[in-house]
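K.L.:
Generate a structure from the sequence data that follows.
(chains A, B, C and D)
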Number of protein chains: 2
Amino acid sequence: MYICIMYSSELLKGSLKTIVMQQLKEHGKMYGYEITQRVKELSKEKILITEGALYPALHALEAEGYLTTETEFIGKRVRKYYSLTPSGQTKVLEKINEFAEFMSTMKLILQLQPNSN
Amino acid sequence: MYICIMYSSELLKGSLKTIVMQQLKEHGKMYGYEITQRVKELSKEKILITEGALYPALHALEAEGYLTTETEFIGKRVRKYYSLTPSGQTKVLEKINEFAEFMSTMKLILQLQPNSN
DNA sequence: TTATATACATAAGAAAATTATGTATATTTG
DNA sequence: CAAATATACATAATTTTCTTATGTATATAA
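P.N.:
Numbering: from 1, shown residues only, chains lettered A, B, ... in the order given. Okay, here's the model as predicted:
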């Protein structure tokens, strides 16, 4: 029996695309399931990206021109690899900066001491 | 003509109640408009809480038992002061801790260097 | 062989904002 | 002094972005 404190629900809103794009920036080329697993591992189970959130986000980012896809077959199973387009590479930097600034402002607003992490 | 980079829209989602409760924790007793102005000032115009977001949030927090209200008249104009209930005082600490943890995880995920703010 | 993991996708519903609208008083400015 | 702006509340319609549920299918571990 576990008690799982997952803030993925409320606080994650608005930062999912940033996380996804950062992973692609770091690893060049990834497929959906891989992203969920890596984020799960990196966050020590604290950020669990659901499929219902991930796939629509990936499709939206592709429609916005930030991602391109290549389909690959592993045996009979399909895998859809996503990678950043040039405009996606610009966008991810913007998003990361924006998030860093947001964190900085929130630290001020919430009066968190500089080394509270 | 200005260019206003406001992340209040996307990133703020899920953290509005935390901000509001933190302000009440710090100042004891505040009315809605006062909260918007203080946060605006503190954040250097970066976090602009809209009325359509604030008032429903305050009403919800009151319904959840975290806030109580006192109505005051300034001349003929009404002012509704909110303050934390005992359970609200507990809750705000939880919320701040949760946010700090979230920031810490995001710093890891987004590979932000410790002093990037 | 059965459960679990991998791998995609979409639809219904909920939560929490934005934007728009409404009401009213107080103050500043031209 | 009139008009614009600031103060102060509130709610409704809409949008965004999740969760939860459902669906399909293959691969692997127990």
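K.L.:
Which positions in chain A make contact with DNA strand C?
P.N.:
A:10, A:13, A:31-34, A:37, A:51-52, A:55-56, A:58-59, A:74, A:77-80 (C-beta under 7 Å from any atom of the strand). In short, each C-beta sits where N, CA and C put it, glycine included.
K.L.:
Which ones among those map onto helices?
P.N.:
Using DSSP state H, the subset of the residues of chain A next to DNA strand C located in helices is A:32-34, A:37, A:51-52, A:55-56, A:58-59.
K.L.:
Out of those, give me the two with the largest separation.
P.N.:
A:37 and A:59 (19.5 Å; C-beta to C-beta).
K.L.:
Helix B:86-109 and the helix with the most length in chain A, what's the angle between them?
P.N.:
Scanning chain A for the helix with the most residues, using DSSP H, yields helix A:86-109. For helix A:86-109 against helix B:86-109, the angle by axes from the mean of the first three to the mean of the last three C-alpha atoms, to 10 degrees is 140 degrees.
K.L.:
Would you mark the buried spots in helix A:86-109?
P.N.:
A:88, A:91-92, A:95-96, A:98-103, A:105-107, A:109 (16 or more other C-beta atoms under 10 Å in any protein chain shown).
K.L.:
Also stretch A:29-48?
P.N.:
Using 16+ other C-beta under 10 Å as the test for burial, stretch A:29-48 gives A:30-32, A:35-36, A:38-39, A:42-43, A:46-47.
K.L.:
Any idea how far apart the tips of it sit?
P.N.:
20 Å (C-alpha to C-alpha, to the nearest Å).
K.L.:
anything in that stretch near chain B?
P.N.:
Yes: using C-beta under 8 Å from any C-beta of the partner chain, we find that stretch A:29-48 touches chain B at A:39, A:42-44, A:46-47.
K.L.:
Residue A:22 contacts residue B:112, doesn't it?
P.N.:
No: assessed by C-beta atoms under 8 Å, residue A:22 is found out of contact with residue B:112, at 9.7 Å.
K.L.:
Identify the contacts common to the two.
P.N.:
residue A:96 (C-beta atoms under 8 Å, 6 or more residues apart in numbering or on different chains).
K.L.:
between those two, who's got more neighbours?
P.N.:
Counted by other C-beta atoms under 10 Å in any protein chain shown, residue A:22 and residue B:112 do not tie: residue A:22 has more neighbours, with 22 against 18.
K.L.:
Touching the longest helix of chain A from outside, list them.
P.N.:
Under C-beta under 8 Å, 6+ apart, the answer for helix A:86-109 is A:15, A:17-18, A:21-22, A:24-25, A:61, A:65-67, A:84, A:112, A:114, B:5, B:7, B:11, B:15, B:19, B:22, B:39, B:42-44, B:46-47, B:99, B:103, B:106-107, B:110, B:112, B:116-117.
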